[in-house]
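Q: dropping the sequence and predicted coords here.
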Amino acid sequence: MDVIIQLAVFLTLLCLGYVFGSRTEHKHYESIREREEQLRQLVVLTSRLPLAGQLNHEARLVSGNVVISVDFFKSVLASLRNLVGGNVNAYESLLDRARREAVLRLQAAAKEQGAEAVINLKFETSRVSGNASQGLGSVEVLAYGTAMIPR
């Protein structure tokens, strides 16, 4: 009887994790798409060299970072996938959302400083976890680059 209760609790948490995690992820993607559209005029490049018209601009470091946590459903899926090996697709959307959010925050910081573009975009990604043996937990992404500000 005790095993049935534990299984019922696990399945309930799994279903709740799926429903609320999917809803939260969908809302976050909507927010990301809206803000990407608003900041589309601010060019972000991975190139180390400024554009031809930006040689007399002031250069400043700008950054944006975000910490995003994984939901219970994705943790369970990733654990199952780790048993058999291969790509952990459950975390791909987590990393995609984190990178895009970090770039949006970088763009917002650059726009506040009056930048026309950001060059030399780089990413740093790290795992944030209270107990490393329990899996991913959260991921932090730092996006940084050089804001080109007209003088």
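A: Yep, it's here. Keep in mind that what you see is a predicted model, and the values were worked out from it rather than measured.
Q: assign residue 87 to helix, strand or coil.
A: With DSSP: H, G, I helix; E, B strand; the rest coil as the basis, residue 87 sits in coil.
Q: tell me who's in contact with it.
A: residue 81 (CB atoms under 8 Å, 6 or more residues apart in numbering). From N, CA and C alone the C-beta is placed, and that goes for glycine too.
Q: same question, residue 121
A: The contact partners of residue 121, by CB under 8 Å, 6+ apart, come to 44, 45, 46, 103, 106, 143, 144, 145.
Q: you'd agree it is in a helix?
A: No - secondary structure assignment (three-state DSSP) places residue 121 in strand, not in a helix.
Q: out of all of them, which helix in this structure is the longest?
A: Criterion DSSP state H: the longest helix present in the chain is helix 2-38.
Q: and the closest residue to residue 122 other than its chain neighbours, what is it in contact with?
A: Of all residues not flanking residue 122 in the chain, residue 144 sits nearest, at 5.7 Å (CB to CB, 6 or more residues apart in numbering). Residues in contact with residue 144 (CB under 8 Å, 6+ apart) are 61, 62, 63, 64, 106, 121, 122, 124.
Q: let me have the residues you listed in TSV, extended by secondary structure, pLDDT and distance to residue 97.
A: As requested, the contacts of residue 144 are exported to TSV (DSSP: H, G, I helix; E, B strand; the rest coil; pLDDT from 0 to 100; distance: CB to CB, whole Å):
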residue	secondary structure	pLDDT	distance to residue 97
61	strand	96	24
62	strand	97	20
63	strand	97	18
64	strand	97	13
106	helix	97	15
121	strand	96	17
122	strand	96	19
124	strand	96	16
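Q: pull the most distant pair out of those residues.
A: Spanning the widest gap among those are 62 and 124, at 14.1 Å by CB to CB.
Q: who has more neighbours out of these two?
A: More crowded of residue 62 and residue 124, by other CB atoms under 10 Å: residue 62, with 24 against 12.
Q: quick one: stretch 14-22 to chain centroid distance?
A: How far stretch 14-22 lies from its chain's middle: 19 Å, per CA atoms, centre = their mean, to the nearest Å.
Q: by mean pLDDT, which helix or strand of the chain comes out lowest?
A: Between all helices and strands in the chain, the lowest mean by mean pLDDT, DSSP states H and E belongs to helix 72-84, at a mean of 76.
Q: wait, what's in contact with the residue nearest the centre of the chain?
A: For the chain, residue 98 is the residue whose C-alpha lies nearest the centre (CA atoms, centre = their mean; 0.2 Å). Shown in contact with residue 98 (CB under 8 Å, 6+ apart): 66, 67, 68, 125, 139, 140, 141.
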